[in-house]
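Novice: Here's my sequence, what's the structure:
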Amino acid sequence: MAIARDGSFYLTYSRAASAEQVRACYPDITRFFEAKRRYDPQQRFQSSWYRHYYPLLKDASAALAA
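Specialist: Sure, this is the predicted structure:
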């Protein structure tokens, strides 16, 4: 429903959203992950949300680029 209304949802509340749904609501999410990797290259600061969505969105980006 959020996507249909050009809205968004709270990312940290649930892990049910697909990579496509996250990208639809947060089109700059890739820039966030790039900045995160740049400022924390050793990946010292993480959350369960990050550990769930980073691989999912990273893999989706690679698939779209291919």
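Novice: Could you list the low-pLDDT ranges of the protein?
Specialist: 59-66 (pLDDT under 70).
Novice: Let me see the ranges of the helices in it.
Specialist: 19-25, 29-39, 48-65 (DSSP state H).
Novice: Could you identify which of those helices is most buried?
Specialist: Among the helices of the chain, helix 19-25 has the highest mean neighbour count (mean count of other C-beta atoms under 10 Å), at a mean of 16. C-beta here means a position set from N, CA and C on the backbone, and glycine is covered the same way.
Novice: In CSV, list the C-alpha atoms belonging to that helix.
Specialist: The C-alpha trace of helix 19-25 is given here as CSV (Å, rounded to 0.1, in the frame of the first residue of the first chain):
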residue,chain,number,x,y,z
ALA,A,19,14.6,-5.9,-2.1
GLU,A,20,12.3,-4.5,-4.8
GLN,A,21,9.9,-3.1,-2.2
VAL,A,22,12.8,-1.5,-0.2
ARG,A,23,14.2,0.1,-3.3
ALA,A,24,10.8,1.4,-4.4
CYS,A,25,10.3,3.2,-1.0
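Novice: what's the spacing between Q21 and D28?
Specialist: As judged by C-beta to C-beta, to the nearest Å, Q21 and D28 stand 15 Å apart.
Novice: still on that earlier bit, so which of the helices of the chain gets nearest S8?
Specialist: helix 19-25 (3.9 Å; C-beta to C-beta).
Novice: and the closest one, what other elements does it pack with?
Specialist: With contacts defined as 3 or more C-beta pairs under 8 Å, 6 or more residues apart in numbering; DSSP states H and E, helix 19-25 has these neighbours: helix 48-65.
Novice: Just list the residues touching the closest residue to C25 other than its chain neighbours, thanks.
Specialist: Nearest-residue entry for C25: S8, 3.9 Å, with adjacent residues in sequence omitted and distances by C-beta to C-beta, 6 or more residues apart in numbering. Contacts of S8 were listed using C-beta atoms under 8 Å, 6 or more residues apart in numbering, and they are 2, 25-26.
Novice: No further questions, thank you.
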